[in-house]
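K.L.:
Provided below are the primary sequence and the corresponding predicted coordinates.
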2 protein chains.
Amino acid sequence: MRSRVICNALAPEAREALGRLGRIQRYPRGTTLVWEGEDSRIVANLLSGVLKLSSSTADGKEQILGVAYPSDFVGRLFAPVASYRVTALTDVEVCLFSRTAFEAFAREHPALEHALLEHTLADLDRAHAQLLDLGRRSASARVAAFLLDLSQRLAEARCAAAGGDGQPLDSFDLPLDRQQIADLTGLAIETVSRTLQKFHRAGIIALAGRRHVEIRDRARLATIAEA
Amino acid sequence: MRSRVICNALAPEAREALGRLGRIQRYPRGTTLVWEGEDSRIVANLLSGVLKLSSSTADGKEQILGVAYPSDFVGRLFAPVASYRVTALTDVEVCLFSRTAFEAFAREHPALEHALLEHTLADLDRAHAQLLDLGRRSASARVAAFLLDLSQRLAEARCAAAGGDGQPLDSFDLPLDRQQIADLTGLAIETVSRTLQKFHRAGIIALAGRRHVEIRDRARLATIAEA
DNA sequence: GGCCCGCGTTGACCGGAATCAAGGCGCCCG
DNA sequence: CGGGCGCCTTGATTCCGGTCAACGCGGGCC
């Protein structure tokens, strides 16, 4: 399996040239890096931490479109305005590029555009899965699917960073608070809370503190997520 | 504005070479070209007609992930299995390619991969808009948004084919029946029917026959779609 | 270590859309 | 032009999840 970091598609010298275009930047939890509707001037590679990509209705209800983990590429290439907001869910470290400079560089390096294409197709697959969830699944199924997806993606991010084995994690801290889980799953915060407690009482998961989760019965969770 | 057909990104000789890889094929309405979960062996360019891309839950509820119009590229590159079903909503004419042959050709032609990237990013934008709809909007807003989007995309497809001006159409035939609109908007068929009748009684649209729609008050429809 | 703020949980109630159940009627066929 | 099938509409009822409201409690801060 190839690395998930897009710049690894490049030869070492090209990678170094790209590195010179970018600059490392840190932001504290809660910072919004890009607002929906504003000029799309930057794109970024997420080095550490977790970002949310979100959009909202005119009357202020928010929907999280996706969550980015370390090694993910973030930003909308080839569009003058950003169509979603990008916010740090944890302290984050990103490698920022000027969108236009990055685009020009990509034009010169087909391998990079190829990697971006594969990455974007994977994002599209995830969006499709989320569409099925939001359109056709119950609250329980959505929360179960969220937990399973999170455990998988945290494991992948850890793998990309530290060379773990990519097996899903059974015990982890939620990078999202209850409201954010609600925004991701298209539910109300109370429904998220009730559903998590229901899983807890059923012995499917364990909850400790506000953020810690342990998956105790992955198979049952998967069954619930299917329906 | 560049053409929306991806092969127009190529120089004439390359376009001809690509043409030799593909073959034109017609299918009657209702044909499923690709099943979800089966080997992903083909990709295609839609020449005429309308396709739906859909996925379903274990218990059989369907969600339409997107609808493809003439000039759209369809299929999942770089994945061994198809993640969604592709079905003809009308009689269609497509230019079919072997997925692997197309991929190899794209590797040799960076301009094609670039066009595919832009196309995929546009698909992702549409999926994001649909996520906001399904997660956070009422039945009325979803149906209104569907009608507006359809009128826009039918106009674009007509533009790509016949050189129209790309202005949204106010009068058109629905390529989808009520059940398919329900599957696209994540609603029940009865809710779709009731909502359309409500718009009709309010004078926002006119309905004639089963398929014909005329948008009479686009501004009001847009307001409803926003909420 | 105690206090307090804000996130999370729980309960009561409500409402929008799903579901269940009949008809109506457009449209294709003979 | 008439019949009948299948799509569509309409109505009655249910129920899931949203909303409103109050309380609990974890964890940060003094």
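P.N.:
Cool, got the structure.

K.L.:
could you point out the longest helix in chain A?
P.N.:
Criterion DSSP state H: the longest helix present in chain A is helix A:110-136.

K.L.:
So is that helix next to DNA strand D?
P.N.:
No: counting by CB under 7 Å from any atom of the strand, DNA strand D is not contacted by helix A:110-136; separation bottoms out at 10.0 Å. C-beta coordinates here come from the backbone N, C-alpha and C atoms, glycine included.

K.L.:
just checking, next helix/strand downstream of that helix?
P.N.:
Going down the chain from helix A:110-136, the next helix or strand is helix A:139-162, by DSSP states H and E.

K.L.:
Specify the beta-bridge partners of the closest residue to A:Gly49 other than its chain neighbours.
P.N.:
Of all residues beyond its chain neighbours, the one nearest A:Gly49 is A:Val92 (3.2 Å), with distances taken as CB to CB, 6 or more residues apart in numbering or on different chains. Taking DSSP bridges as the rule, A:Val92 bridges to A:Tyr27.

K.L.:
on that earlier part again, just checking, what packs against the longest helix of chain A?
P.N.:
When contacts are defined as 3 or more CB pairs under 8 Å, 6 or more residues apart in numbering or on different chains; DSSP states H and E, helix A:110-136 packs onto helix A:12-21, strand A:62-68, helix A:99-108, helix A:139-162, strand B:51-56, strand B:62-68, helix B:110-136.

K.L.:
between those, which one is nearest to DNA strand C?
P.N.:
DNA strand C sits nearest to helix B:110-136 of all the helices and strands packed on helix A:110-136, at 10.1 Å, using CB to the nearest atom of the strand.

K.L.:
Contacts only, for the residue nearest to A:Arg76 when sequence neighbours are not counted.
P.N.:
Spatial nearest neighbour of A:Arg76, excluding adjacent residues (CB to CB, 6+ apart): A:Ser40 at 5.3 Å. Applying CB atoms under 8 Å, 6 or more residues apart in numbering or on different chains to A:Ser40 gives the contacts A:34, A:75-76, A:79-82, A:99.

K.L.:
which SS class is A:Ile224?
P.N.:
helix (DSSP: H, G, I helix; E, B strand; the rest coil).

K.L.:
neighbours around it, how many?
P.N.:
24 (other CB atoms under 10 Å in any protein chain shown).

K.L.:
repeat for A:Gly30
P.N.:
Residues lying near A:Gly30 (other CB under 10 Å) number 10.

K.L.:
So it: helix, strand or coil?
P.N.:
Reduced to three states by three-state DSSP, A:Gly30 is coil.

K.L.:
so where's chain A uncertain?
P.N.:
A:1-3, A:160-166 (pLDDT under 70).

K.L.:
now the residue lying farthest from the centre of chain A: how far from A:Leu21?
P.N.:
Relative to the centre of chain A, and counting by CA atoms, centre = their mean, the farthest-placed residue is A:Glu13 at 29.1 Å. Using CB to CB, to the nearest Å, we find A:Glu13 at a distance of 14 Å from A:Leu21.

K.L.:
And A:Leu121, by the same measure?
P.N.:
24 Å.

K.L.:
Give me the more crowded residue out of these two.
P.N.:
Taking neighbours as other CB under 10 Å, A:Leu121 and A:Leu21 compare with A:Leu121 leading, 20 against 14.

K.L.:
OK, contacts around the residue nearest to the more buried one when sequence neighbours are not counted?
P.N.:
Leaving aside its sequence neighbours, A:Leu121 sits nearest to B:Thr120 (CB to CB, 6+ apart; 6.0 Å). By CB under 8 Å, 6+ apart, B:Thr120 lies in contact with A:117, A:120-121, A:124.

K.L.:
next one: A:Ser98
P.N.:
By CB under 8 Å, 6+ apart, the contact list for A:Ser98 reads A:21, A:41-42.

K.L.:
Tell me the bridge partners for it.
P.N.:
Per DSSP bridges, the residues bridged to A:Ser98 are A:Ile42.

K.L.:
Could you measure from it over to DNA strand C?
P.N.:
For A:Ser98, the distance to DNA strand C (CB to the nearest atom of the strand, to the nearest Å) stands at 34 Å.
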